[in-house]
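Colleague: this one's structure only:
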């Protein structure tokens, strides 16, 4: 529809939406009042039942583990959709930009930027691994740590150039990470079935609260989700990078 | 005390959200969106949500501005 | 306090939708959509908040900690933030390809394809 029609429709519908939102939000309990009894029960039971200290991770990967499986697959499909959308089209070719003045090379990145990139990317890899492995003890977990790991690659690109970062992220390896992460979650869920309990049951030994390896399948699931999210976000950025750097219209 | 912090965070989030929408140029909007992500992370922290604040920081400060800027670079290159 | 808290949620959502409706640039539209989406995250966490509560992490607490805030809402919001960024990236990829085919990023100037 035309722009005027769209704006007129919005001008008519927005007050109605605002009134409906206001009426709905006014029916909520007052801010900071009480929380649901399910939440109170989980806060009481989870540290004792699963030997962990971060209840949010226990809920994501144990009590409501199936929801996280679906979210992970949404991430996988979004990344697959981006890979399909940003493929080289029929009138495009994929090659590095040719140098019009081959006797002059591209100036290398300045030493200060390069040093900062090396330092930052190493710290980011360490922070990412620490966040993933301590997911059941402190706030953190697979999702956050995976994005931190992917950002280490972004920093490498920002500090150097496209050719260097392509060496670190060959596309088949990243796709393997993504697939292994997604399949690993299903596989650990199937372990529950094999042990005679339900899908995604916590059937591995629970360990001692406060140790690094505690909570049964929770650190394992953190690990596979971290691998999957890191692979997914790295593929995402590399697809966009390919579009800006190497994919160009084929000259006739 | 914590109520005052939450109130300040809420006002900051509302102001940055309005600024993101009112910034029409996508390049400038990417930076304002980074600032909005920071405001959101501060609000989540004051609501005692550590996990969500960590997600918001890494996503809103690293992943989102990067892909917006790469899309803009591709669009500008195509326009030349 | 309730009025401010829930009012900010409604305001952010309406402002985001306003940005989507009146946008002249597809990339600007996608970022406004992500603003509207963050309003739902804030609502989730606000429902789960409890005055005087502490984060649902049971390590290093003082001798008489108060109640904990709702951990279920945080688990819901946590995956929402990360997956929302991936879906925003998908929309941006769509915008990039639309620009290649149509030559413009203006939503009003786009027309349906004819084949």
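Modeller: In hand now; what should we look at? Here the structure is a predicted model, which means the values were calculated and not measured.

Colleague: where does the nearest residue to residue A:213 once chain neighbours are set aside sit: helix, strand or coil?
Modeller: Of all residues not flanking residue A:213 in the chain, residue A:207 sits nearest, at 5.4 Å (C-beta to C-beta, 6 or more residues apart in numbering or on different chains). In this view, the C-beta of every residue, glycine as well, is placed from N, C-alpha and C. Under DSSP: H, G, I helix; E, B strand; the rest coil, residue A:207 falls in the coil class.

Colleague: how many neighbours does residue A:207 have?
Modeller: Residue A:207 has 18 neighbours, counted by other C-beta atoms under 10 Å in any protein chain shown.

Colleague: distance of it from residue A:223?
Modeller: 15 Å (C-beta to C-beta, to the nearest Å).

Colleague: before we move on, what about residue C:16?
Modeller: Taking C-beta to C-beta, one finds residue C:16 at 35 Å from residue A:223.

Colleague: so these two - more neighbours on which side?
Modeller: residue C:16 (23 against 20).

Colleague: so for the residue of chain B found nearest chain C, what's the pLDDT?
Modeller: Closest to chain C within chain B is residue B:21: 3.6 Å, counting by C-beta to the nearest C-beta. Note on residue B:21: pLDDT of 95.

Colleague: for it, which non-adjacent residue is closest in space?
Modeller: residue C:19 (3.6 Å).

Colleague: neighbours of that neighbour, how many?
Modeller: 24.

Colleague: list the helices and strands the helix or strand that contains it packs on?
Modeller: Assigning secondary structure by DSSP states H and E places residue C:19 in helix C:2-21. Applying 3 or more C-beta pairs under 8 Å, 6 or more residues apart in numbering or on different chains; DSSP states H and E, one finds that helix C:2-21 contacts helix A:3-26, helix B:2-22, helix C:26-47.

Colleague: that helix: how far from the chain's middle?
Modeller: Relative to its chain's centre, helix C:2-21 lies at 11 Å (C-alpha atoms, centre = their mean, to the nearest Å).

Colleague: again with stretch C:73-90
Modeller: Its chain's C-alpha centre and that of stretch C:73-90 lie 8 Å apart, by C-alpha atoms, centre = their mean.

Colleague: buried ones in the helix or strand harbouring residue C:83?
Modeller: Assigned by DSSP H and E, residue C:83 belongs to helix C:71-102. Residues C:71-100 are the ones in helix C:71-102 that count as buried (16 or more other C-beta atoms under 10 Å in any protein chain shown).

Colleague: other residues contacting stretch C:28-36?
Modeller: By C-beta atoms under 8 Å, 6 or more residues apart in numbering or on different chains, the residues outside stretch C:28-36 that reach it are B:17, B:20-21, B:23-26, B:29-30, B:33, B:36, B:64, B:68, C:12-13, C:15-20, C:23, C:84-85, C:88, C:91-92, C:95, C:107.

Colleague: show me which of the residues you listed are buried.
Modeller: Among the contacts of stretch C:28-36, those classed as buried by 16+ other C-beta under 10 Å are B:17, B:20-21, B:23, B:26, B:29-30, B:33, B:36, B:64, B:68, C:12-13, C:15-20, C:23, C:84-85, C:88, C:91-92, C:95, C:107.

Colleague: that's all I had, so thanks and see you.
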